[in-house]
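S.K.: I need the structure of the sequence given here:
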Amino acid sequence: MIKINLLTSRISSFGGAAQGITFDTSGGAEDRKDAIKKVVYMLMFSIMLMVYESYNLDDLQDQLRKLRAEDSSQKANIAILKKKAGRAPEMEKEVKKMEEKLEIVTGLSKKRLRELKALDFLQNLIPESVWLKSMKYDGENVFFAAEASNDEDMNFFVEGLDKSVQFEEVILIKAVEKKSKTGTIKVFEVESKLGVVD
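M.R.: Numbers count the residues shown, from 1 in each chain. Prediction:
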């Protein structure tokens, strides 16, 4: 053990102060061993601290690498999503066009179905003594030119059209008698519109 003693000496005649330093080396081998142990412990603690920090540093660097990889992956996903988002207005236009086409096709299908139902009804309505000579359809109006053996059969046909849901606004335009080989027949024309059928 080393002891340091700072002693003040008497003031010299010149008015200055003198100090003295003494070292006490009377400790012995035991004190030196304790001092060496303490130094060794401090060195071991420092080395262990450095090893621990080195291990933690590797772990932290691995975590940092993983986070950077995730970050780059997320940036790539964001870029893809931005590209898709940029195409969103274009896709909306395509969807709108497809919806318009579907609406047109649906409208045409309904129109065709309405026409088919009208033809089917017409086939069942015409009595044996009425002959349909021609039928014209311009997309809205239907024109019939027909012949009947008598007024009753003609009226039955025209009233049947008028009462049906397949035809509306039925108008008898012309009805004249005409002589034929078998006798007198009724020649008539009818105008109508196709009805709206669900």
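S.K.: switch to C-alpha atoms for all contacts and neighbour counts from now on
M.R.: Will do.
S.K.: name the helices or strands packed onto the strand or helix carrying residue 50?
M.R.: Take DSSP states H and E as the rule and residue 50 turns out to sit in helix 29-125. For helix 29-125, the elements it packs on are helix 151-163, strand 183-194, judged by 3 or more CA pairs under 8 Å, 6 or more residues apart in numbering; DSSP states H and E.
S.K.: between the first one and strand 183-194, how big is the angle?
M.R.: Interaxial angle of helix 151-163 relative to strand 183-194 (axes from the mean of the first three to the mean of the last three CA atoms, to 10 degrees): 0 degrees.
S.K.: how about helix 151-163: buried residues?
M.R.: When neighbours are counted by 16 or more other CA atoms under 10 Å, the buried residues of helix 151-163 are found to be 153, 154, 157, 158, 160, 161, 162.
S.K.: pLDDT score for the third one?
M.R.: Predicted confidence (pLDDT) for residue 157: 88.
S.K.: packing partners of whichever helix or strand comes after the helix holding residue 50?
M.R.: Where DSSP H and E defines the elements, the next helix or strand beyond helix 29-125 is strand 130-137. Using 3+ CA pairs under 8 Å, 6+ apart as the contact test, the elements touching strand 130-137 are strand 141-148, helix 151-163.
S.K.: can I get the ones you listed in a markdown table with distance to residue 135?
M.R.: Below are the helices and strands packed on strand 130-137 laid out as a markdown table (distance: least, CA to CA, whole Å):
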| stretch | distance to residue 135 |
| --- | --- |
| strand 141-148 | 5 |
| helix 151-163 | 14 |
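S.K.: among these, which is nearest residue 67?
M.R.: Ranking those by distance to residue 67, with CA to CA as the measure, places strand 141-148 first at 73.6 Å.
S.K.: would you give the sheet partners of that closest one, along with the direction of each?
M.R.: Paired neighbours of strand 141-148 in the sheet (DSSP bridges): strand 130-137 (antiparallel), strand 183-194 (antiparallel).
S.K.: ok so, going back, dump the helices and strands packed on helix 29-125 into JSON lines; add distance to residue 145 as well.
M.R.: As requested, the helices and strands packed on helix 29-125 are arranged in JSON lines below (distance: least, CA to CA, whole Å):
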{"stretch": "helix 151-163", "distance to residue 145": "11"}
{"stretch": "strand 183-194", "distance to residue 145": "5"}
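S.K.: which one of those lies closest to residue 43?
M.R.: Ranking those by distance to residue 43, with CA to CA as the measure, places strand 183-194 first at 106.0 Å.
S.K.: residue 177: which of the helices and strands packed on helix 29-125 is closest?
M.R.: With distances scored as CA to CA, the stretch of the helices and strands packed on helix 29-125 nearest to residue 177 is strand 183-194 (4.6 Å).
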